[in-house]
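Colleague: Kindly return the folded structure for what I paste below:
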Amino acid sequence: MSDSALVERMPCLSPADKLAALLSCRTVSEPTVHDAAAFTRLRATLETLFPLLHRAAPRIELADGSLLWHWPGADAARPLLLMAHHDVVPVGGQEWTRPPFEGRVEDGYVHGRGALDDKGPLVCLLEAGERLAARGFIPAQDVWVFSGADEETVGRGARMAAGWLRARGVRPWLVSDEGGAVVERSMFGSAGAAAGAQTNALGAEHAAGGTVAAVAIAEKGTVDVRIAARAAAGHSSVPMPGGAAERLAEAVLRISRAEPIVRLSTAVRAMREALGVSDGSDEEILAEIRGAGGELAAMVQTTMAVTRLTGSDGDNVIPAVARATINVRLVPGDDRTALAERLRALLVDLDIEVEEMVGDDPSPTSATAGAAWELMRAAIVAAFPHAQVVPYLQSGSTDSRSFVDCPHVYRFAPLEMPAEDRARIHGPDERVAVSALDAGIRFYEALLTRLS
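Modeller: Numbers count the residues shown, from 1 in each chain. The predicted structure follows:
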């Protein structure tokens, strides 16, 4: 069947409708639970919704169900890798006003788990490819598209994709993954407010109260640490001093109250320079950023958050083993070796065992000059002409961490995400504005058509 005939047979679905279809696939990623049927359904849905792209870019299914498309270009010297995962986090214990896996389009929004993280950007990416494929477009360079099935847990699919490409001699020249977004300038605290009106090199003016396209040029390291305290088990009617739960509780308090490692990274310096507020000593800048709190403060310090606690299985049983999991986000300049030494010193007198430490050091920092950065920047301005492009350091981890050997890795989800909606990511009532999808599609179209 010809491409034109295939288009005629396809239902006229909007990007919002296509996203709703994907949101109805319950592709929840949990360490010990996997609904294989939901992931199979999503893969089939993708082929139905984006048939021309699947013809232009044959799809490879990796062993874990992650997906890799190859769109051959006129040249292969500078391959482009575009990424957006299709797994989502669970909704257990959350109260939603609309069903999280129905995929409802209502009141100008697409509602459902994954609307922002990360099926919304995935639809924008694939829809841009579909529209270009319908025009017979051939990219100037090879284009690879990767969609992970387990980004929210272990990221094994991304590691498999990186190994698959490496084994075939493919080293992406530019990697674009989720990360920053188009946000209000106030996200950057006093630095954003002080920037005032500016004009970028492409001629777009940015008022102090306007928007910023935040592009992460590096990400903090992510490490999960499991600690354990052991003691004799017993009946709760005869508590024993220094038991496992008691010592673990003290360890949790020490970790939570420990003075953080603070660093002013290259990425944060680049952010402040872009905002026009690079003056001051390092000590003054760090004090200002830490004083802002929230997302901004997290950019300059290693954070340690206790996320899981386990003890005995019975309410009246003193546990033989009590465990805690600490999720650590390492600021650039810090690393896992230094973290292990700090934990040992912090817990030395509590007889606490560090059972496991799994994760990655901070990523390298990509440049904010040169052809790759200018390509990203030009595509962003084409889609969001009133947003100032600002590099920054990302606190969260992404599948791009498996591609840190590539020279240019930029993390940007091409969607407008006001603070109210960013707060819904991983929480109840996640949603994306229908109008935001159109700009996201324009970003990917610009990125693909400007590639040379």
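
Colleague: okay but residue 386 is in contact with residue 185, surely?
Modeller: No. Taking C-beta atoms under 8 Å as the definition, residue 386 is not a contact partner of residue 185, at 11.4 Å. All C-beta atoms are positioned from the backbone trio N, CA, C, and that covers glycine.

Colleague: Most remote residue from the middle of the protein, which is it?
Modeller: residue 238 (47.6 Å; C-alpha atoms, centre = their mean).

Colleague: Could you give the number of residues near the residue nearest to residue 401 when sequence neighbours are not counted?
Modeller: Spatial nearest neighbour of residue 401, chain neighbours left out: residue 360 (5.3 Å); criterion: C-beta to C-beta, 6 or more residues apart in numbering. Counted with other C-beta atoms under 10 Å, residues neighbouring residue 360 total 18.

Colleague: Equivalent analysis for residue 293, please.
Modeller: Neighbour tally, residue 293, other C-beta under 10 Å: 10.

Colleague: what do you get for the one 10 residues further on?
Modeller: The local packing count at residue 303 equals 16, with neighbours defined by other C-beta under 10 Å.

Colleague: Identify the residues contacting the closest residue to it other than its chain neighbours.
Modeller: Residue nearest to residue 303 in three dimensions, not counting chain neighbours: residue 329, with 4.8 Å by C-beta to C-beta, 6+ apart. Residue 329 sits next to 220-222, 298, 302-303, 395-396 when contact means C-beta atoms under 8 Å, 6 or more residues apart in numbering.

Colleague: Between all of the residues you listed, which two are at the greatest distance?
Modeller: 302 and 396 (14.3 Å; C-beta to C-beta).

Colleague: Closest to residue 378 out of the contacts of residue 329?
Modeller: Closest to residue 378, out of all of the contacts of residue 329 and judged by C-beta to C-beta, is residue 396, at 25.7 Å.

Colleague: Am I right that the closest one is in a strand?
Modeller: No. Judged by DSSP: H, G, I helix; E, B strand; the rest coil, residue 396 forms no part of a strand; its state is coil.

Colleague: Now the terminal residues of stretch 365-375, how far apart.
Modeller: 17 Å (C-alpha to C-alpha, to the nearest Å).

Colleague: Then stretch 220-238?
Modeller: 45 Å.

Colleague: and it, which residues are buried?
Modeller: For stretch 220-238, a neighbour-count test (16 or more other C-beta atoms under 10 Å) marks 220-223, 225-231 as buried.

Colleague: So what touches stretch 257-268?
Modeller: For stretch 257-268, using C-beta under 8 Å, 6+ apart, the contacting residues are 216-218, 282, 285-286, 289-290, 299-304, 331-334, 338, 342, 346, 365, 391-393.

Colleague: So what pairs up with residue 387 in the strands?
Modeller: residue 211 (DSSP bridges).

Colleague: correct me, but it touches residue 212?
Modeller: Yes. If you go by C-beta under 8 Å, residue 387 and residue 212 touch, sitting 6.0 Å apart.

Colleague: Between the two, which has more neighbouring residues?
Modeller: Of the pair residue 387 and residue 212, residue 212 is the one with more neighbours under other C-beta under 10 Å, namely 26 against 23.

Colleague: so residue 358, which of the three states?
Modeller: strand.

Colleague: before we move on, the earlier item: state the helix or strand in which the residue farthest from the centre of the chain lies.
Modeller: If you go by DSSP states H and E, residue 238 is not part of any helix or strand.

Colleague: residue ranges of the helices in the stretch 151-300 of the chain, please?
Modeller: Ranges of helices in the stretch 151-300 of the chain, per DSSP state H, counting those that start in this stretch, are 156-167, 189-194, 244-257, 266-275, 282-292, 294-298.

Colleague: Just name the most buried of the ones you listed.
Modeller: Among the helices of the stretch 151-300 of the chain, ranked by average contacts under mean count of other C-beta atoms under 10 Å, first place goes to helix 266-275 (a mean of 22).

Colleague: In the stretch 251-400 of the chain, where is pLDDT below threshold?
Modeller: Applying pLDDT under 70 to the stretch 251-400 of the chain picks out residues 278.

Colleague: Just give the nearest non-adjacent residue to residue 445, would you?
Modeller: residue 128 is the one closest to residue 445 (C-beta to C-beta, 6+ apart), at 4.5 Å.

Colleague: how about residue 339, what does it touch?
Modeller: Residue 339 neighbours (C-beta under 8 Å, 6+ apart): 223, 225, 302, 328, 330, 357.

Colleague: quick revisit: tell me how far the residue nearest to residue 303 lies from residue 174.
Modeller: Separation of residue 329 from residue 174 (C-beta to C-beta, to the nearest Å): 25 Å.

Colleague: repeat for residue 428
Modeller: 35 Å.

Colleague: In contact with residue 431, which residues are there?
Modeller: Taking C-beta under 8 Å, 6+ apart as the test, what residue 431 contacts is 109-112, 115-116, 421, 424.

Colleague: where does residue 444 fall, phi/psi-wise?
Modeller: phi -70, psi -40 (degrees, to the nearest 10).

Colleague: Find the helix or strand that the closest residue to it other than its chain neighbours is a member of.
Modeller: Nearest residue to residue 444, sequence neighbours excluded (C-beta to C-beta, 6+ apart): residue 128, at 3.5 Å. Using DSSP H and E, the element containing residue 128 is helix 119-134.
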